[in-house]
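> Next come a sequence and a model predicted from it.
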Amino acid sequence: MGSGPTIPTIETETKTPIEVALGPLHRFSKMESAGGILLIVFAAGAMVWANSPAASSYVSLFYETYVKVGFGDWGIEKPFILWINDLLMAVFFLLVGLEIKREILVGELRSPKAAALPIAAAIGGMAFPGAIYAAINWGDPGLRGWGIPMATDIAFALGVMALLGSRVPIALKVFLTSLAIVDDLGALMIIAIFYTDKVGVDYLGYAALLLAVLVGLNFAGVRSRLVYLLVGLVVWYFFLKSGVHATIAGVLVALTIPGKTKVDRARFASFADRMLETFKSQGTEGGKVWTTSTQQGALLALEDATEKVETPLRSLEHRLIPWVAFLILPVFALANAGVALGAGEGGAEGEPSVFTSKVLMGVAAGLLIGKPLGVFVCSWIAVKIGVASMPKGVNWGMIHGAGWLSGIGFTMALFIANLGFKGEDQAFMLDAAKLGVLGASVLAGVIGLAILAKATGKPAA
């Protein structure tokens, strides 16, 4: 998950008591690493809760509490954790889809030459971990989890990188962001193809019809975000009923949302200048007095022009980022990271504990060996054969460090683990996979931070 733009804010002469009280929270929310910090806190909280005397309440809340929405045949009743993983995570994947579309339209993935390096790195970062996991678990039931170590958590990875501040070149942040976005696209394809047990063709047909309607609305010039979201909710329902994982609907709906402005930048700049001149012509003295009717008209005209020059895609992406970073992903971490460490006894034959499970070893080896190795090797090959070039100001030590940070799987890896291992008979393997993801992600982050600190010439903070 990428970060939003840095937005300047107008300074006020005095702060209200509520602004003073909420000041620390506001400053924290603006930190690049804020989302990653929250994920760590909620994941740690889940582990403590699941291994505390109140562990039964953890299981009861997320796994045994059923919530029903709707009525009759149109009603859906699911455990609370599935509402989180199917509905809330669909919003997360909506954001991922918006980021993918933006990168293809105007970002690093628009230019084939610029896109070649992160694409090559992402391919290596998916192929190597998957192969390592498969080699360790070949012939065992745990082989189904081969997709788990292929994922990268962009929020965590960028959050760790942000700890080095301005020492990290912007080009390296762009490289890691683009790598993670391509990685997310690959993970989505894996989920759709390999982690779909059955397909309800009729429901899938209804969803396809509605997606075609959304494409038609885009071409017709409909720019209301609410229209796309309401229709998108029905698309999500049909995907849920079809058997294809419902989060895929979030990405597909995102691709239908308009990514072009209604007016060009030059026309907007000229109009904005005229409105500002109109505002100033009425006088700006007098502090906080009410604006005149002419000034109010100029402000409303600027608001309308701003709405037309901002694309629905980018405005929706910007609005979703705080909800995903500060609510959806922390709740997901709380619901999915709780592993009862004492529950590993009595696993499959030859695996008396989750700590010696081949699933755990495969996930850990994939993230800690496969990820950095695959990213570095495939990046090096792409540059050496001339299909890609090194970003300005970036050296191979930084690529090495970024490769380790891509080994922070967390959100996506936990999500795929839940898809790979379902049912009570696979709970042991799910716990092992979760422990592998959590432990390897922490190690990958620490090692990646140390390597990047050395590559940028200064010690880590």
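Now that the structure is in, tell me what you want to look at.
> quick one: secondary structure of residue 139?
coil (DSSP: H, G, I helix; E, B strand; the rest coil).
> Neighbours of it, how many?
6 (other Cβ atoms under 10 Å). (C-beta placed from N, C-alpha, C; glycine too.)
> which phi and psi does it have?
phi 80, psi 0 (degrees, to the nearest 10).
> Nearest spatial neighbour of residue 452, chain-adjacent residues omitted?
Counting by Cβ to Cβ, 6 or more residues apart in numbering, residue 452 lies nearest to residue 401, which is 3.5 Å off, once chain neighbours are set aside.
> Sticking with that neighbour, tell me its helix or strand.
helix 396-405 (DSSP states H and E).
> What residues sit buried inside that helix?
398-405 (16 or more other Cβ atoms under 10 Å).
> Any chance of CSV for the residues you listed, columns distance to residue 141 and pLDDT?
Below are the buried residues of helix 396-405 laid out as CSV (distance: Cβ to Cβ, whole Å; pLDDT from 0 to 100):
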residue, distance to residue 141, pLDDT
398, 40, 94
399, 36, 95
400, 35, 95
401, 36, 94
402, 34, 93
403, 30, 94
404, 30, 95
405, 31, 93
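> Generate TSV for the residues you listed, with distance to residue 106 as supplementary columns.
Shown next, in TSV, are the buried residues of helix 396-405 (distance: Cβ to Cβ, whole Å):
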residue	distance to residue 106
398	25
399	24
400	29
401	27
402	22
403	26
404	29
405	25
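> ok, of these, which one's closest to residue 135?
Of all the buried residues of helix 396-405, the one with the least separation from residue 135 (Cβ to Cβ) is residue 403, at 19.8 Å.
> correct me, but the closest one touches residue 377?
No - applying Cβ atoms under 8 Å, one finds residue 403 not in contact with residue 377, separated by 9.0 Å.
> what do these two both touch?
Counting by Cβ atoms under 8 Å, 6 or more residues apart in numbering, no residue touches both residue 403 and residue 377.
> Distance check, the residue nearest to residue 452 against residue 309.
Using Cβ to Cβ, to the nearest Å, one obtains 38 Å as the distance from residue 401 to residue 309.
> Could you do residue 371 as well?
From residue 371 to residue 309 the distance is 40 Å (Cβ to Cβ).
> Counting neighbours, go ahead and name the busier of the two.
residue 371 (32 against 17).
> the strands in this structure, which residues?
66-69, 76-79 (DSSP state E).
> Deepest-packed of these, please.
Neighbour counts (mean count of other Cβ atoms under 10 Å) averaged over each of the strands of the chain peak at strand 76-79, with a mean of 15.
> in its sheet, what does it sit against?
strand 66-69 (antiparallel) (DSSP bridges).
> Mind listing residues that contact the strand it pairs with?
Strand 66-69 is contacted by residues 75-80, 83 when judged by Cβ under 8 Å, 6+ apart.
> Mind doing that once more with 10 Å?
Strand 66-69 has contacts (Cβ atoms under 10 Å, 6 or more residues apart in numbering) with 75-80, 82-83, 87, 237.
> ok, so of those residues, who is nearest residue 362?
residue 82 (25.6 Å).
> which one is residue 151 nearest to, not counting chain neighbours?
Spatial nearest neighbour of residue 151, chain neighbours left out: residue 412 (3.2 Å); criterion: Cβ to Cβ, 6+ apart.
> so how far is residue 451 from the one you found?
Using Cβ to Cβ, residue 412 is found at 22 Å from residue 451.
> what's the residue nearest to residue 452 in contact with, if anything?
When the contact criterion is Cβ under 10 Å, 6+ apart, the partners of residue 401 are 160-161, 164, 168, 172, 176, 372, 376, 395, 447-456.
> Buried ones from these, can you make that a PyMOL selection?
A single PyMOL command selects the buried members of these (16+ other Cβ under 10 Å):
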select buried, resi 160+161+164+168+172+176+372+376+447+448+449+451+452+453+455+456
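> which parts of stretch 183-202 are buried?
Neighbour-count burial for stretch 183-202 flags 183-188, 190-191, 195, 200 (criterion: 16+ other Cβ under 10 Å).
> same check, this time on stretch 86-99
For stretch 86-99, a neighbour-count test (16+ other Cβ under 10 Å) marks 86-99 as buried.
> Out of these, the closest to residue 264 would be?
residue 98 (21.8 Å).
> ok, that closest one touching residue 250?
Yes - using Cβ atoms under 10 Å, residue 98 is in contact with residue 250, at 9.3 Å.
> mind giving me the domain split of this structure?
35-77+111-195+324-455, 265-306 (automatic domain parsing).
> ok, residue 50 - contacts?
Contacts for residue 50 (Cβ under 10 Å, 6+ apart) come out as 58-59, 62, 337-343, 431.
> now the residue nearest to it when sequence neighbours are not counted: how far from residue 63?
Spatial nearest neighbour of residue 50, chain neighbours left out: residue 338 (3.3 Å); criterion: Cβ to Cβ, 6+ apart. Going from residue 338 to residue 63 by Cβ to Cβ gives 10 Å.
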